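Undergrad: Here is my input; please provide its structure:
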Amino acid sequence: MADGTKIEWTDATWNPITGCAVVSPGCTNCYAMKLAGTRLRNHESRKGLTKDSKAGPVWTGEMRFNRQWLDQPLRWSKPRMIFVCAHGDLFAEGVPDLWIDHVFSVMALAPQHTFQVLTKRPQRMREYFTGRRANFGRASEVLHEHISHGLSEAEHQDAVDLLDLFDSMGKILPNVWLGVSIEDQKRADERIPILLDTPAAVRWISAEPLLGPISFRWAAWQLLSKMEATNHLDGLRRLDWVVAGGESGAGARPMHPDWARKLRDQCAEAQVPFLFKQWGEWVPQVGAVEGWTIPDDPEISRIDHRDWEGDHWGEPYSPMWCDERNDDTVSRVGKRYAGRLLDGVEHNSFPEVRR
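TA: The predicted structure is shown next:
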């Protein structure tokens, strides 16, 4: 965990649970997986969570509950946005409900913070809430067994009463944002509808690494149909935030510039906050964006001349995804030089906080 992080959309990371399993193409170059199998492979929180392969470390599917870190957010008095389980998945198959109860109990007991939850397993997340499996009442156990700093009897009772209130409100914690990670249209089609059907104060998506074009128009149509069928305006559920970015690190796959532009434009049309996290390793042809200064170094400004619409990239993309700009050639310049400007603009929008 870290009180402070370089991740552009959060302030701190919290890893009460570590470990995961590969479930989709976005997992291929997972930084947490690589780190767990290299620099942190002998750390008690990561040891044995990966196995070696020809492609490098790969998650084994084993999960680890790091009890020593469970109460960390309660020690941070200054409000923060906290990325939950940045090196794992809170709703992975190997995570018992009891562990999830503990994590959500701590989040409920720390209303000064905003907790950002991200999963590739929205089915389980939905089942946890709508199936009445969530049990924030376990906070009493958390307080007694895992929280080392002192609470008076009155403070303890206030905390339990607060959790009871949240429980009666349908298990929606106002300081918890629930999100799904998507990388292409297939994963968007699979995961977003489930997220929209999950009780949450804020629903968001992370389209990173962005590996293909994504359209949200189908989701809007589906929601409109549901609203008309029920004739109940409160039934309209929508995305509250979209984060997008390209891949970084060794073996990073390029992101077509128009994929990011289309997400930006769709968010603007729907008035959904949009944050462009990074280009990653690859950017449009050097000089395509005014203001970029790339050193004349072949190791930095090497051009990749692959045709984005050719066989290297699967099915040809329709005109709606590719415009007439001459920036289909991308350059591998590295994350540091690529930056975060999308057509010269830094996008840093966040959802409005709703308490």
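
Undergrad: Can you pull the phi/psi pair for Arg67?
TA: Dihedral pair for Arg67: phi -60, psi -30, per degrees, to the nearest 10.

Undergrad: Next, work out how far apart it and Pro351 are.
TA: 31 Å (Cβ to Cβ, to the nearest Å). For the C-beta atoms, the positions are set from N, CA and C on the backbone; glycine is no exception.

Undergrad: Kindly report the same for Ala244.
TA: Ala244 sits 15 Å away from Pro351 when distances are taken as Cβ to Cβ.

Undergrad: Which residue of those two possesses the greater neighbour count?
TA: The neighbour count for Ala244 versus Pro351, taken as other Cβ atoms under 10 Å, is higher for Ala244 (26 against 18).

Undergrad: which SS class is that one?
TA: Using DSSP: H, G, I helix; E, B strand; the rest coil, the structure places Ala244 in strand.

Undergrad: That one touches Phe274, doesn't it?
TA: Yes. Using Cβ atoms under 8 Å, Ala244 is in contact with Phe274, at 7.3 Å.

Undergrad: which neighbours do the two share?
TA: Taking Cβ atoms under 8 Å, 6 or more residues apart in numbering as the contact rule, Ala244 and Phe274 both touch 263-264.

Undergrad: So for Gly249, what pLDDT did the model give?
TA: With respect to pLDDT, Gly249 has a value of 88.

Undergrad: Please apply the same query to Asp161.
TA: 65.

Undergrad: Same question for Gly334.
TA: pLDDT, Gly334: 85.

Undergrad: Next, give phi and psi for Ala270.
TA: Main-chain torsions, Ala270, degrees, to the nearest 10: phi -90, psi 0.

Undergrad: Tell me how many other residues crowd it.
TA: For Ala270, the neighbour count with other Cβ under 10 Å is 15.

Undergrad: Looks like it contacts Asp240 (just checking).
TA: No. The criterion here is Cβ under 8 Å, and Ala270 misses it with Asp240 at 10.6 Å.

Undergrad: What is the neighbour count of the nearest residue to Leu342 once chain neighbours are set aside?
TA: Distances taken as Cβ to Cβ, 6 or more residues apart in numbering put Phe276 closest to Leu342, at 4.8 Å, once the chain neighbours are dropped. A count of nearby residues for Phe276, using other Cβ under 10 Å, gives 25.

Undergrad: Let me know how buried the nearest residue to Asn29 once chain neighbours are set aside is, in neighbour terms.
TA: Once flanking residues are discounted, Asn29 sits nearest to Gly251: 5.3 Å by Cβ to Cβ, 6+ apart. Counted with other Cβ under 10 Å, the neighbours of Gly251 add up to 11.

Undergrad: cool, and Lys47?
TA: 12.

Undergrad: Equivalent analysis for Val243, please.
TA: 26.

Undergrad: Show me the beta-bridge partners of it.
TA: Beta-bridge partners for Val243, by DSSP bridges, are Ser206, Leu275.

Undergrad: pretty sure it contacts Pro273?
TA: No. Using Cβ under 8 Å, Val243 is not in contact with Pro273, being 9.3 Å away.

Undergrad: Tell me which residues touch Leu195, please.
TA: Contacts for Leu195 (Cβ under 8 Å, 6+ apart) come out as 122, 125-126, 178-180, 203, 205, 239.

Undergrad: Next up, phi/psi of it, please.
TA: Main-chain torsions, Leu195, degrees, to the nearest 10: phi -60, psi -40.

Undergrad: who touches Pro96 in this structure?
TA: No contacts exist for Pro96 under Cβ under 8 Å, 6+ apart.

Undergrad: ok, which stretches of this structure are helices?
TA: Assigned by DSSP state H, the chain shows helices spanning 31-36, 72-75, 97-108, 122-130, 139-145, 153-168, 185-196, 217-230, 257-270, 335-338.

Undergrad: What residues sit buried inside the first one?
TA: Neighbour-count burial for helix 31-36, with 16 or more other Cβ atoms under 10 Å as criterion, is recorded at 32-36.

Undergrad: and if you look at the second one?
TA: By neighbour count, with 16+ other Cβ under 10 Å as the criterion, the buried positions of helix 72-75 are 72-74.

Undergrad: Same list (those) but as JSON lines, adding pLDDT and distance to Lys51.
TA: Converted to JSON lines, the buried residues of helix 72-75 look like this (pLDDT from 0 to 100; distance: Cβ to Cβ, whole Å):
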{"residue": "Gln72", "pLDDT": "92", "distance to Lys51": "29"}
{"residue": "Pro73", "pLDDT": "93", "distance to Lys51": "31"}
{"residue": "Leu74", "pLDDT": "88", "distance to Lys51": "35"}
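
Undergrad: so can I have a markdown table of those residues showing distance to Leu98?
TA: Below are those laid out as a markdown table (distance: Cβ to Cβ, whole Å):
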| residue | distance to Leu98 |
| --- | --- |
| Gln72 | 19 |
| Pro73 | 19 |
| Leu74 | 19 |
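
Undergrad: From the contacts of Leu195, pick the one nearest Gly344.
TA: Ile205 (24.5 Å; Cβ to Cβ).
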